[in-house]
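Asker: coordinates only, sequence not included:
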């Protein structure tokens, strides 16, 4: 009920939780009142929120710190800062282990600000300026406001400036700028550009463009060269938001600094968008020749490499990727660029160069996600081109040992089975760069008496989901059990997708370690099996492997029945309404509506029917069908028609869309994981 109230806040949900609160006592009642208070806060019914939090405080003990802190927050938002003083005064002494100990002083300071008591704010915050919390934007903003109200304009302006420049992505940055404007304090052009630059790096292009444009048009301290550069930077932002035309780009000024590289980057990207590959490559070559260390060159060269890859111009793709690795060896694009160059040499049957680059991948980028592929395909070269079967087995065995649950390890085991027993030879020295993944000391035994775990479960009952993770992390021993506890909490109320996401972000290299090295409880959460009855029944009806269906659902929606994508695909198997309607007719489902796709049994029935049809179109070849499920029939038919693939794994590796290639490999890997985790099914 609390989860429903949090998500819908309907009248019926309020009544349901309120009735529960009235009919229970102790911690159960307190959790219900906390849920009500939280919902009232979201609905801006602050007086009701204050009353509910107060009742929660009276009814229970375990979550008193939440009742007081959130109650103070509600009072403050209601404009009754004076009511927050009693709740926050001495908070740390009453609740020394609370996750709010660090932020309670800021909330108290804001209450004092609301009551126009700046000296009290300074008394509260000044002793904490050198703490970790003291560096946070909300702390700094409250301190600046107090100084401003106390008449200390200089210190206030300095703090506002610092927030604006060093924490530009925070909410307080915008507030700080408004306060500076109210004080009549102007930001320098350098400060405003620094702010805009960081917005750009955070991909907040519209905001960055507005700042570049405003600075270029309104700051009288700038010379023409500065204005020209800002105009170009604003144009890059407009390019990113698809608001820049070729004609507008042609009118951009000529410059001689790094903005000249930015202009060439714009021209290259516009040429790429219009499929003018000759002009695109000319601009890229110009950048590499004249602006070899510019960020814009890095971006343009990588983009051009990807364009050539998709267009199957492998020689040009290799050239661009090699250029990027040469000019920007530390780039985040370098590992993938190096691997693309290696793989495309393989596809062009230049096996000696491919082998050299694959071994160099192991040495130069040992922690990269490309390593399993490099091990597998270097093994294939040893096996099929060099006829060095023992060394091929060394590569396959290393891959299986170090990345046991990966897609490539599955392929490696198949190759080892085909090769059989081989004489032992010394491993290639490049295999020495491949290190095993570190497995943290995880346990499946939860500390049931840990106060933070107890509170996290109560918070889940109250639907205060945003506090579950911070509460667990506050325990000094949570490194060993926190991931499992958090995921199990979400799973307990049916949010399998949320639990799965917790596991994915746990830091465990699940696909690099044997099943036995991590407790099975973790695997069950990482590969959940909700709706198994429906999956098995419909898969059997449509002649599908139920493990494949579960694996596809895991990849498509993470078992979130309410998932709706940007492409308007619905539910567990992410079906378009048109696909759902078509398949509803085929299975005899009358009166179909799009909303039914959010019903798990209906979605699975229609989704398995659709998957069976896709498989049939490709003669049962799973890899082709999965690629089509993700990218559509047209590109898949083109990739198949390109031909000259030795086998299906080579075709999969050659899929030019990274998303689709990863998608196919992940589902095939997931299927094997499901088979291993649930062997009795």
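Answerer: It's in. Values in this document were obtained by computation on a predicted structure and should not be read as measured data.
Asker: how's the protein carved up into domains?
Answerer: The record's domain parsing of the chain by automatic domain parsing lists 2-186, 199-386, 451-526, 532-677.
Asker: over to the shortest one now: how far is its first residue from its last?
Answerer: Just to be clear, that refers to domain 451-526. This stretch, domain 451-526, spans 26 Å end to end (CA to CA, to the nearest Å).
Asker: go on, the second one?
Answerer: Using CA to CA, one end of domain 199-386 lies 52 Å from the other.
Asker: quick check: phi and psi at residue 564.
Answerer: phi -130, psi 120 (degrees, to the nearest 10).
Asker: any idea how far the residue lying closest to it once chain neighbours are set aside is from residue 362?
Answerer: Nearest non-adjacent residue to residue 564, counting by CB to CB, 6 or more residues apart in numbering: residue 570, 5.6 Å away. C-betas here are computed from N, CA, C, even on glycine. Distance of residue 570 to residue 362, given as CB to CB, to the nearest Å: 43 Å.
Asker: the more surrounded of the two?
Answerer: residue 570 (26 against 23; other CB atoms under 10 Å).
Asker: hang on, the more buried one packs against residue 578?
Answerer: No. Judged on CB atoms under 8 Å, residue 570 makes no contact with residue 578 at a distance of 11.0 Å.
Asker: and the contacts of the top helix by length along the chain?
Answerer: Counting residues, the longest helix in the chain under DSSP state H turns out to be helix 658-677. Contact partners of helix 658-677, identified using CB atoms under 8 Å, 6 or more residues apart in numbering, comprise 405-407, 410, 511, 515, 520, 523-524, 527, 529, 545, 547-548, 550-552, 554-555, 622-623, 626-627, 630-631, 635, 652-653, 655.
Asker: go ahead and measure how far that helix is from the middle of the chain.
Answerer: Distance of helix 658-677 from its chain centroid, counting by CA atoms, centre = their mean, to the nearest Å, is 19 Å.
Asker: likewise for stretch 563-583?
Answerer: For stretch 563-583 - counting by CA atoms, centre = their mean - the centre lies 22 Å from the chain centre.
Asker: straight-line length of that stretch, end to end?
Answerer: Using CA to CA, the end-to-end distance of stretch 563-583 comes to 19 Å.
Asker: show me what counts as buried in it.
Answerer: Neighbour-count burial for stretch 563-583, counted by 16 or more other CB atoms under 10 Å, picks out 563, 569-577, 579-583.
Asker: just to revisit the earlier point, put the buried members of the contacts of helix 658-677 into a PyMOL selection.
Answerer: Applied in PyMOL, the following selects the buried portion of the contacts of helix 658-677 according to 16+ other CB under 10 Å:
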select buried, resi 405+406+407+410+511+523+524+527+529+547+548+550+551+552+554+555+622+623+626+627+630+631+635+652+653+655
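Asker: can you tell me which of the contacts of helix 658-677 are in helices?
Answerer: Among these, the residues falling in helices (DSSP H) are 407, 410, 520, 523-524, 547-548, 550-552, 554-555, 622-623, 626-627, 630-631, 635, 652-653.
Asker: for residue 216, which non-adjacent residue is closest in space?
Answerer: residue 230 (3.7 Å).
Asker: okay, and that neighbour sits in which element?
Answerer: helix 224-240 (DSSP states H and E).
Asker: what residues of the helix or strand that comes right after that helix count as buried?
Answerer: Counting by DSSP H and E, the next helix or strand C-terminal to helix 224-240 is helix 246-250. Neighbour counts over helix 246-250 (16+ other CB under 10 Å) mark residue 249 as buried.
Asker: pull the residues that contact whichever helix or strand comes after helix 246-250.
Answerer: Counting by DSSP H and E, the next helix or strand C-terminal to helix 246-250 is helix 258-273. With contact meaning CB under 8 Å, 6+ apart, helix 258-273 is reached by 228-229, 232-233, 235-236, 239, 244, 246, 249, 252, 254-255, 277-280, 283-284, 286-287, 290-291, 294-297, 299-300, 303-304, 307.
Asker: buried ones from these, can you make that a ChimeraX selection?
Answerer: Buried members of those can be picked out in ChimeraX with the line below, counting by 16+ other CB under 10 Å:
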select :228,229,232,233,235,236,239,244,249,252,255,277,280,283,284,286,287,291,294,296,297,299,300,303,304,307
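Asker: for residue 681, give me the pLDDT.
Answerer: Residue 681 carries a pLDDT value of 61.
Asker: and the most far-flung residue of the chain relative to its centre, what helix or strand is that in?
Answerer: Distance from the C-alpha centroid of the chain peaks at residue 423, with 45.3 Å (CA atoms, centre = their mean). Secondary structure assignment for residue 423, by DSSP H and E: no helix or strand.
Asker: pretty sure it contacts residue 390?
Answerer: Yes. Counting by CB under 8 Å, residue 390 is a contact partner of residue 423 at 5.2 Å.
Asker: got the contact list for residue 219?
Answerer: So residue 219 contacts 189, 192 (CB under 8 Å, 6+ apart).
Asker: for the remainder of this discussion, apply numbering that starts at 11.
Answerer: OK, 11 is where the count begins now, so the last one is residue 229.
Asker: how near is it to residue 189?
Answerer: Distance from residue 229 to residue 189, by CB to CB: 20 Å.
Asker: look up phi and psi at the nearest residue to residue 344 once chain neighbours are set aside.
Answerer: Once flanking residues are discounted, residue 344 sits nearest to residue 335: 5.3 Å by CB to CB, 6+ apart. In terms of degrees, to the nearest 10, the main-chain angles of residue 335 are phi -60, psi -30.
Asker: contacting residues for the nearest residue to residue 195 once chain neighbours are set aside?
Answerer: Take residue 195 and drop its neighbours on the chain: the residue closest to it by CB to CB, 6+ apart is residue 167, 4.7 Å away. Applying CB under 8 Å, 6+ apart to residue 167 gives the contacts 190, 193, 195.
Asker: redo that, cut-off 10 Å
Answerer: 154, 157, 158, 186, 189, 190, 193, 194, 195, 197 (CB atoms under 10 Å, 6 or more residues apart in numbering).
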